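> build me a model:
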Amino acid sequence: MPDVTLAPAWTALFLGLFAFFAGIGEFRKPGHWQTLIEEIVASPALQLATGLLELFLGAVIYIANPWASPDWLSSALSVVGGLMCIEALMVLAFSDVYMAFWVRRFGPLSKLWCCCSIVIGLALIVVSMLHFSGMLTALT
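Next comes the predicted model:
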């Protein structure tokens, strides 16, 4: 059995890096997320690929971070993975309605979403680093 005790820290780190740098990218060039969503709305192929990718990533996060764990981070990330799977299924089944909902939200609130992404990314990075250091001190 592989040692998965650091899986929550690694998952949080990579999700945090993704959220942080995606937020920075949108902050640098406002409107990219709006364009991205509009392109997904316009393309059934992108809808299918987006849903499949999110379903796969959500399942990996859910499986790698057991819900019934004494580690709160693992449990929280399991919820995140499960929500990603649900969202992926929504994209696959109801992409016209679901994506139209997000298209309306991004235009006027793009700076807010961008800042939220950066803050969430930083929080996940900090939590992962604290988790790594906590694991290191527990091992010694």
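> okay, CA-based contacts and neighbour counts for the rest of this
Fine.
> helix or strand: which one has the spatially most central residue of the chain?
For the chain, the residue nearest the mean C-alpha position is residue 15 (5.6 Å; C-alpha atoms, centre = their mean). Secondary structure from DSSP states H and E places residue 15 in helix 7-28.
> look up phi and psi at the residue nearest to residue 52 when sequence neighbours are not counted.
Take residue 52 and drop its neighbours on the chain: the residue closest to it by C-alpha to C-alpha, 6 or more residues apart in numbering is residue 88, 6.9 Å away. Backbone geometry at residue 88, expressed as degrees, to the nearest 10, gives phi -60, psi -40.
> what about residue 88, how many residues nearby?
25 (other C-alpha atoms under 10 Å).
> which ones are touching residue 128?
If you count contacts by C-alpha atoms under 8 Å, 6 or more residues apart in numbering, residue 128 has them with 8, 9, 10, 12, 13.
> how close does the last one get to residue 127?
To tie it back to what came earlier, the one meant is residue 13. 8 Å (C-alpha to C-alpha, to the nearest Å).
> which of the two has more residues huddled nearby?
Ranked by neighbour count (other C-alpha under 10 Å), residue 13 and residue 127 place residue 13 first, with 23 against 18.
> who touches both of residue 13 and residue 127?
The contact sets of residue 13 and residue 127 do not overlap (C-alpha under 8 Å, 6+ apart).
> isn't the residue nearest to the centre of the chain right up against residue 123?
No - taking contacts as C-alpha atoms under 8 Å, residue 15 lies outside contact range of residue 123: 10.3 Å.
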